[in-house]
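Sequence plus predicted model, see below.
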Amino acid sequence: MSYEIPPRSVPENDAGYFEKITQAVFQAGFSWQVIRSKWPDFQQAFANFNVDHVAAFTEEDVERLLEDKGIVRNGRKIEATIHNARLCRDLIAQHGSLRAWLHTLDADYYVREKQFCQQFKFMGPMGAFFFFWSVGEDVPSYEEWQARREK
């Protein structure tokens, strides 16, 4: 099976972590080429992933985003992104940063994946795997992860 490995780097700040969460949400059901080609427009549409700005988005912002041809106009994913920004804001308030919160999760990858998916809207196991991989967290090999999913 052929798959593309996403880039891997530890984000510099909470906006970077929130951006990776959002990429995982919007990637579901799309090819990487589609999402990557539109990503500069996503950055603009979602205030460069400033957690507080996106957490303050209103119904008018949802309507604006649904009209934005530069992004994937999926209402459920847009609303999930706003919800996830509000969750990120709360986690930052409780733990100081998203990175600090991540390090409170269980050490076992599969338990951590489940905890992560339960927290964030529109986040499934593949999205969580992408997120953890892309932010430099420890993950099993893709082949091991896939084999376990197929059981």
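Received, thanks. Numbering: from 1, shown residues only.

okay, CA-based contacts and neighbour counts for the rest of this
Will do.

in the longest helix along the chain, what's buried?
When the chain is parsed with DSSP state H, its longest helix is helix 75-95. Using 16 or more other CA atoms under 10 Å as the test for burial, helix 75-95 gives 77-89, 91-92.

for the most centrally placed residue in the chain, helix, strand, or coil?
Per CA atoms, centre = their mean, the C-alpha nearest to the average position across the chain is that of Ile21, at 1.1 Å. Of the three states, Ile21 takes helix under DSSP: H, G, I helix; E, B strand; the rest coil.

between the buried residues of helix 75-95, which is nearest Arg64?
Distances from Arg64 to the buried residues of helix 75-95, taken as CA to CA, are shortest for Ile78 (10.5 Å).

Pull the distance from stretch 7-16 to the chain's centre.
Here the centre of stretch 7-16 is set off from its chain's centre by 11 Å, with CA atoms, centre = their mean, to the nearest Å.

actually stretch 84-95, not the one I typed
14 Å.

Please work out the average pLDDT along that stretch.
Stretch 84-95 shows a mean pLDDT of 98.

so where's this structure uncertain?
Along the chain, segments meeting pLDDT under 70 span 1-5.

how far away is the residue of it most remote from its centre from Arg112?
Distance to the chain centre peaks in the chain at Lys151, reaching 25.5 Å (criterion: CA atoms, centre = their mean). For Lys151, the distance to Arg112 equals 19 Å [CA to CA, to the nearest Å].

cool, and Gly124?
Where Arg112 is concerned, Gly124 sits at a distance of 12 Å (CA to CA).

and what of Asn13?
21 Å.

which of those two has more neighbours?
Just comparing Asn13 and Arg112: by other CA atoms under 10 Å the higher neighbour count belongs to Arg112, 18 against 12.

Now do the contacts for that one.
Contacts for Arg112 (CA atoms under 8 Å, 6 or more residues apart in numbering) come out as 105-106.

Ok, Phe57 next?
Neighbours of Phe57 in contact, by CA under 8 Å, 6+ apart: Ile82.

Repeat that for Pro11.
By CA under 8 Å, 6+ apart, the residues touching Pro11 are 17, 135.
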